[in-house]
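A.B. asks: Structure, please.
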Amino acid sequence: MAQEAPHAPDAVARIEAAIARIEAAVAANAADAAALSRRHAALKARMVEAVAALDDVIVRSPAG
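C.D. replies: Next comes the predicted model:
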């Protein structure tokens, strides 16, 4: 019968801690990606408005 090495519980604890750090990093990256996506959508909407406003200025100008 194989005996468990005395340092095995320490190794298991380190592995569990590493898994917890990885899970936390994944969650943080997902939150960062979601925030970036929201910022991108807001910027895109503002750019659409700005281009539309410029189009209106061009259309209304005497040379337009």
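A.B. asks: From here on, just use CA atoms for contacts and neighbour counts.
C.D. replies: Will do.
A.B. asks: And for residue 55, the neighbour number?
C.D. replies: 13 (other Cα atoms under 10 Å).
A.B. asks: How much space separates it from residue 48?
C.D. replies: Using Cα to Cα, to the nearest Å, residue 55 is found at 10 Å from residue 48.
A.B. asks: and what of residue 54?
C.D. replies: 10 Å.
A.B. asks: Repeat that for residue 34.
C.D. replies: Applying Cα to Cα to residue 34 and residue 48 gives a distance of 21 Å.
A.B. asks: do the same with residue 16
C.D. replies: In terms of Cα to Cα, residue 16 sits 48 Å off from residue 48.
A.B. asks: can you check residue 24 too?
C.D. replies: Distance, residue 24 to residue 48, by Cα to Cα: 36 Å.
A.B. asks: for residue 61, phi and psi?
C.D. replies: phi -70, psi 150 (degrees, to the nearest 10).
A.B. asks: One more: residue 58?
C.D. replies: phi -60, psi -40.
A.B. asks: Give me the pLDDT for it.
C.D. replies: For residue 58, the pLDDT comes out at 93.
A.B. asks: Check the burial of it by counting its neighbours.
C.D. replies: With other Cα under 10 Å as criterion, residue 58 counts 12.
A.B. asks: Residue 29 now?
C.D. replies: Residues near residue 29, counting by other Cα under 10 Å: 12.
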